[in-house]
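>>> here is the input, now give the coordinates:
(chains A and B)
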Protein chains: 2
Amino acid sequence: MKFLCSQSDLNSNLSLVSRAVPSRPTHPILANVLVVADSQKNRVSLTAFDLSLGIETSFSADVSEDGKITLPAKLLNDIVSRLPEGEITLMVEEDEDSESQIVALKSASGQFQVRAMDAEEFPPLPTVEEGESLQLPIVMLTEGLKGALFAASSDETKQILTGVHLTGTPDSLEFAATDGHRLSVVETSLSPETDEEADEKEKIPEMPNLEGFAVTIPARALRELERIIGNRSESDTIALQVDEAQVVFQLGYQRLTVRKLDGAYPNYEMLIPQQFTRSVCLERKRLLSSLERVAVLADQKNNLVKCTFSHEEGQVSLSVETQDLGSAKESMPAEVTGESGEIAFNVKYLMDGLKALPTKDIKMQLNEGNQPVIFNPLGGLQMTYLVMPVQIVK
Amino acid sequence: MKFLCSQSDLNSNLSLVSRAVPSRPTHPILANVLVVADSQKNRVSLTAFDLSLGIETSFSADVSEDGKITLPAKLLNDIVSRLPEGEITLMVEEDEDSESQIVALKSASGQFQVRAMDAEEFPPLPTVEEGESLQLPIVMLTEGLKGALFAASSDETKQILTGVHLTGTPDSLEFAATDGHRLSVVETSLSPETDEEADEKEKIPEMPNLEGFAVTIPARALRELERIIGNRSESDTIALQVDEAQVVFQLGYQRLTVRKLDGAYPNYEMLIPQQFTRSVCLERKRLLSSLERVAVLADQKNNLVKCTFSHEEGQVSLSVETQDLGSAKESMPAEVTGESGEIAFNVKYLMDGLKALPTKDIKMQLNEGNQPVIFNPLGGLQMTYLVMPVQIVK
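Now for the predicted structure:
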């Protein structure tokens, strides 16, 4: 194998696939990146795979000799990222003394020799044979991930809850995530809602029919997907293929493969109350910055903040009281419908949801006592954030 | 006590003194900041002190009631840094239920009540009674600290080596630091060296006579001093007072007090060879970036890099060889005087010194075998960086 490429191409593509290299590989080969050079296409592809998540990418290079090899991903990344801009030659050299292969990496500043492992040992990325691929508008994925991803559980023992559940209808795609304490549901669609938007319809990619589509995808893989689509135009589409076991996203020369999460996703729709006796409309950022301040005093154990809303005064007050440190109280104007009252939250869950809600103003809806409270954006995206309140000990 | 001030004044001054709050206080009061309000001067002063390093600062405020109190530094900092810009009122309230005092902090967004401790419990900052204060040009301090501070030991058991040693002559001030493996010495002076500089002499502050001056100051305190003088004009001066036990720096309303390090500082002058058989001149940044790359392969244990210099080829080569990972070799042009040869270094020590050297080109001077190697800037500041080489095992 021998090819010549630019430092910036090799560097950016290595950084991308390195995200799928496990930090504690179960087998030495998984700490490596697979490098394949194709002289016909004049392209070099890089692949990393942790047996669940796999990322593959390719870039153009001047390939003078076909071949494949694997190299230690971290070491290669550390070297290439420090090389000056310019051309790099990468070639396999036979090591006469031992059975292992050596890859030489030459740049204007000098030469590195890195011990390689055979490409045959590298596990192949799973492919999806059957089924057609869906063309998903990137704007839908961006919105859905931004609104739901944060609510997935980071506790690996919680299995299905470490993923985001995607459900399709003929004209929308719903993203849902919950860790058992809170739930975020985003419904994305491309139906233009105003005449103005309708005029722009031509620019918007066509919406595929997603009826019956349902899959739970690990949040970790979706965070990498978010990174990959981050600097793409929202009018692009990404190809999605799903079979019994795998989900594959393909965007240009970049492919992300991930094993689906097995099991039935909780029936979250039934958790969301359909009727509320009270509602409070207020400014999102104002509420968020007040919470950030009063949270300084919130007990590290229960993180409790009390939220008092008054119909008569047209305001919401947040308060925290501690035995040792002191107390905090902030108030802000709000439009309160229904009876005045108070409720308590875990301040962390509340802040997480407020950060993800996309609009200037939001609506909080609740019933008596310890029933779930929901937050919606006022205008814009269809999103529901549900939090369980914490009982106030009198 | 009661005063009104701006959020930005309180915030920036709190951040400054908080640097002297110990992370694990030996007594609860040391986790606090002392707040003193003076209605005559209409100023509020803040003080933090870890029994070795103390920082005091003051800012103008609308003081309606004199008084002093101490408040938990981290908590106060966390609250004030999150408050919106605008006016803040701080006042002591008597707590009827308990013997402790409560401080109320009011801003446009709400009110915080923080439990306070009595100011009488706060240990007074040491003062320097005797001796006149020296007016040190800030430019000298900046240069001296930048070139020497990094070489001090971070191992608290090494006592005197955790400081920087300052020595005065009639027209210069020398900064030296060593951790036993390497030594950095910077001689700063204000004598203009060229006619052009002589014309600008009026702008340069006058140099005090520092003959006989010698003190070892903890590196930790000098890092805080570096931060304090960081955004001041280089033509400013800072007042320095020293007695048997303490060093005090005063700059405007900011005062830094620190306990001197006791004991005799090593006689480092005798470590620096006066004659060399060989010298190598080369580009500093080129050498540094090559080192950064080959260091990727350097063994984590000994961090060894081999440096080969050739008089005939007019170049320096850096190389690293490892058993497991591979090897690296980079070369760059250099002006080699004397015999060709090779020498090995701990790459970390070499990089630290190269980062601190201030000029484009540098000179490395050495003798045979395992004698100390020194690095000097070519032109500009008087600086000597000494490193012990590592023996090459053949």
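>>> could you use CA atoms for every contact and neighbour count after this?
OK.
>>> separation between A:Asp62 and A:Asn11?
In this view, A:Asp62 and A:Asn11 are 16 Å apart by C-alpha to C-alpha, to the nearest Å.
>>> and what of A:Pro22?
Using C-alpha to C-alpha, A:Pro22 is found at 19 Å from A:Asn11.
>>> next one: A:Leu366
Taking C-alpha to C-alpha, one finds A:Leu366 at 51 Å from A:Asn11.
>>> same check, this time on A:Leu90
Plainly put, A:Leu90 is 13 Å away from A:Asn11 if you go by C-alpha to C-alpha.
>>> packing partners of the helix or strand hosting A:Glu224?
Using DSSP states H and E, A:Glu224 maps to helix A:219-229. Where contact means 3 or more C-alpha pairs under 8 Å, 6 or more residues apart in numbering or on different chains; DSSP states H and E, helix A:219-229 is packed against helix A:138-148, strand A:163-169, strand A:254-259.
>>> show me the contact partners of the second one.
Which is strand A:163-169. Contacts of strand A:163-169 with the rest of the structure, by C-alpha atoms under 8 Å, 6 or more residues apart in numbering or on different chains, involve A:148-149, A:152-153, A:173-177, A:209-220, A:261, A:265.
>>> what does the longest one give?
Outside helix A:138-148, the residues that touch it by C-alpha under 8 Å, 6+ apart are A:164, A:173-177, A:184-190, A:222, A:226, A:229-230, A:233-238, A:356-357, A:383.
>>> direction included, what does the helix or strand following the helix holding A:Glu224 pair against?
With elements assigned by DSSP H and E, the helix or strand that comes after helix A:219-229 is strand A:237-242. The pairing partners recorded for strand A:237-242 under DSSP bridges are strand A:134-137 (antiparallel), strand A:246-251 (antiparallel).
>>> and strand A:237-242, what's its mean pLDDT?
Average pLDDT, strand A:237-242: 92.
>>> that strand: which residues count as buried?
Buried residues in strand A:237-242, defined by neighbour count with 16 or more other C-alpha atoms under 10 Å in any protein chain shown: A:237-242.
>>> if we can go back for a sec, buried ones among the contacts of helix A:138-148?
Buried members of the contacts of helix A:138-148, scored by 16+ other C-alpha under 10 Å, are A:164, A:173-177, A:184-190, A:222, A:226, A:229, A:234, A:237-238, A:356-357, A:383.
>>> weakest of the strands paired with strand A:237-242 in terms of mean pLDDT?
Of all the strands paired with strand A:237-242, mean pLDDT reaches its minimum on strand A:134-137 (a mean of 89).
>>> start to end distance for stretch A:322-335?
Criterion C-alpha to C-alpha; first-to-last residue distance in stretch A:322-335 is 29 Å.
>>> off-centre distance for it?
In terms of C-alpha atoms, centre = their mean, to the nearest Å, the centre of stretch A:322-335 is found 33 Å from the chain centre.
>>> list the contacts of it.
With C-alpha under 8 Å, 6+ apart as the test, stretch A:322-335 has contacts from A:280-283, A:286-287, A:290, A:294, A:297-299, A:311, A:314-321, B:102, B:109-115.
>>> okay, helices next: where are they in the stretch 251-394 of chain A?
Counting by DSSP state H, counting those that start in this stretch, the stretch 251-394 of chain A has helices at residues A:284-294, A:347-356.
>>> look up how far A:Thr178 lies from the residue nearest the centre of chain A.
Nearest to the mean C-alpha position of chain A, by C-alpha atoms, centre = their mean, lies A:Arg223 at 2.7 Å. Per C-alpha to C-alpha, A:Arg223 is found 16 Å from A:Thr178.
>>> which strand residues bridge A:Gln136?
If you look again at residue A:136, you'll see it is Leu, not Gln. Beta-bridge partners recorded for A:Leu136 (DSSP bridges): A:Ile238.
>>> and the closest residue in space to A:Leu53 that isn't next to it in sequence, how many neighbours?
Excluding the flanking residues, the one nearest A:Leu53 by C-alpha to C-alpha, 6 or more residues apart in numbering or on different chains is A:Val258, at 4.5 Å. Neighbour count for A:Val258, taken as other C-alpha atoms under 10 Å in any protein chain shown: 26.
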